[in-house]
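**Student:** Sequence and computational prediction follow.
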Amino acid sequence: MASSFTYSGPNVAEMTPEKILECTLEEIQTKCGLSLRKCQQLKRDAASKVLKAQFLPLNRLPLLSKLTTGCSKIDFLLGGGLCSRGINELSGASACGKTQFCLKLCLTAQWPKSLGGFEAGVLYISTEGRFPSKRLNQLAARIASRTDLPKEVTSLPYSDNVFVRQIGEKEDLTKCLSDGAALMAARPVRLIIVDSIAGVFRTDLDAGAGERAKSLRAVVRQMEILSGKFDAAILCVNQVADVVSEGGGSQQVPALGLSWANLLRTRMWMSRTGDKRFLEVGFSPEVPSGVKLQFEISNDGLSGV
């Protein structure tokens, strides 16, 4: 332990950093025979070993990056776009438009920063069937044909910068995220999409609720490390579950329960009533909850009505 610190003394080698912080300066002087100045430095050195978090003044806090969805109305609903900090979730029943939302982000992530993009690629982890490459190419072709967008957007090689991995088990997801770290270190990738997170955890029938919660926390921790290191946005698509309401009826709620919900920064909810589709924010630290926006899906992707 003595080699970890600048100063040495009779009993420094026997003192852990935690023990040094518990002692007063006078006690350290008595035990180690050091000057007051050296004892102060010793405590600062010990604190740097124990306290990993750094506290920054408000004017030095990094600004949160937001990824545009390509639609100003949806961006406004989300407080500027998809946030690059914390875990974003998009829940909803089948055929609401969740995957369409994800595919549009695969394109806007590559846009210039001046237009709300990240100028970076995407890691798309698919857990339910084949990746819809045909639809992605259709959306990319529509962007290429638009005359209202600059050439730096219409000429991008979109499909070259979407990296797809298809998995089926939670162990595969852990391995995929580890591999993703190597990919992001080698290439500019700043968006990770898991479609869907429930696909690898709802089938984990052998594990109890506590074990599944532990696995979810471990996966989220991996994601948060990648998000912080590469300033990347994380979007997890979630399925729905039917629960019995107090009146005896049933209602749909996001799957995976509270153990998953407590790990999220932002929850978005998609619903469909007849031919009308809606997007709302379930909770977020930046925007009001419960505000609904009607949207439609066209050849150009999602857009607010």
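**Tutor:** In hand now; what should we look at? Computed from a predicted structure; not experimentally measured. Residues are numbered from 1 along each chain as shown.

**Student:** ok, and what's touching the top helix by length along the chain?
**Tutor:** Counting residues, the longest helix found in the chain (DSSP state H) is helix 209-230. With contact meaning CB atoms under 8 Å, 6 or more residues apart in numbering, helix 209-230 is reached by 84-87, 170, 173-174, 177-178, 180-181, 184, 189-190, 192, 197, 201, 204, 207, 232-234, 256-257, 259-260, 263. Using the backbone N, CA and C atoms, a C-beta is placed for each residue, glycine as well.

**Student:** any low-confidence regions in the stretch 1-150 of the chain?
**Tutor:** Counting by pLDDT under 70, the stretch 1-150 of the chain has low-confidence residues at 1-14, 51-62.

**Student:** quick one: the strands in it?
**Tutor:** Listed in chain order, the strands of the stretch 1-150 of the chain (DSSP state E, counting those that start in this stretch) span 66-67, 82-83, 87-92, 121-126.

**Student:** among those strands, which is nearest residue 19?
**Tutor:** strand 87-92 (37.1 Å; CB to CB).

**Student:** List the residues that contact the residue nearest to the spatial centre of the chain.
**Tutor:** By CA atoms, centre = their mean, the chain has its centre lying nearest to residue 234, at 2.8 Å. Applying CB under 8 Å, 6+ apart, we find residue 234 in contact with 86, 87, 88, 192, 194, 223, 224, 226, 227.

**Student:** redo that, cut-off 10 Å
**Tutor:** Shown in contact with residue 234 (CB atoms under 10 Å, 6 or more residues apart in numbering): 82-89, 123, 191-194, 220, 222-224, 226-227, 264-265.

**Student:** Regarding residue 193, what is its secondary structure?
**Tutor:** Under DSSP: H, G, I helix; E, B strand; the rest coil, the three-state class of residue 193 is strand.

**Student:** Please enumerate the helices of this protein.
**Tutor:** 17-22, 25-32, 36-50, 72-77, 98-108, 133-145, 151-154, 170-186, 198-201, 209-230, 257-261.

**Student:** pLDDT averaged over the longest one - what is it?
**Tutor:** For helix 209-230, the mean per-residue pLDDT is 91.

**Student:** give the contact list for the nearest residue to residue 116 once chain neighbours are set aside.
**Tutor:** In space, and not counting its chain neighbours, residue 116 is closest to residue 68: 2.9 Å by CB to CB, 6 or more residues apart in numbering. Taking CB under 10 Å, 6+ apart, we find residue 68 in contact with 74-75, 78, 80-82, 104-105, 108-109, 111, 115-118.

**Student:** that older thread, now the strands of the stretch 1-150 of the chain as a markdown table including distance to residue 216 and mean neighbour count?
**Tutor:** Converted to a markdown table, the strands of the stretch 1-150 of the chain look like this (distance: least, CB to CB, whole Å; neighbours: other CB atoms under 10 Å):
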| stretch | distance to residue 216 | mean neighbour count |
| --- | --- | --- |
| strand 66-67 | 24 | 22 |
| strand 82-83 | 20 | 25 |
| strand 87-92 | 10 | 25 |
| strand 121-126 | 15 | 23 |
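
**Student:** Looking at those, which is nearest to residue 275?
**Tutor:** Nearest to residue 275, of the strands of the stretch 1-150 of the chain and by CB to CB, is strand 87-92 at 15.6 Å.

**Student:** Strand partners (parallel or antiparallel) of the closest one?
**Tutor:** Applying DSSP bridges, strand 87-92 is found paired with strand 233-238 (parallel), strand 266-273 (parallel).

**Student:** Kindly export the shortest one (C-alpha atoms) in PDB.
**Tutor:** In this case it means strand 233-238. The C-alpha atoms that make up strand 233-238 are tabulated as PDB, following Å, rounded to 0.1, in the frame of the first residue of the first chain:
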ATOM      1  CA  ALA A 233     -27.300   7.300 -27.000                       C
ATOM      2  CA  ILE A 234     -28.900   4.000 -25.800                       C
ATOM      3  CA  LEU A 235     -32.400   3.000 -27.000                       C
ATOM      4  CA  CYS A 236     -34.000  -0.200 -25.800                       C
ATOM      5  CA  VAL A 237     -37.300  -1.400 -27.300                       C
ATOM      6  CA  ASN A 238     -39.600  -3.200 -24.900                       C
END
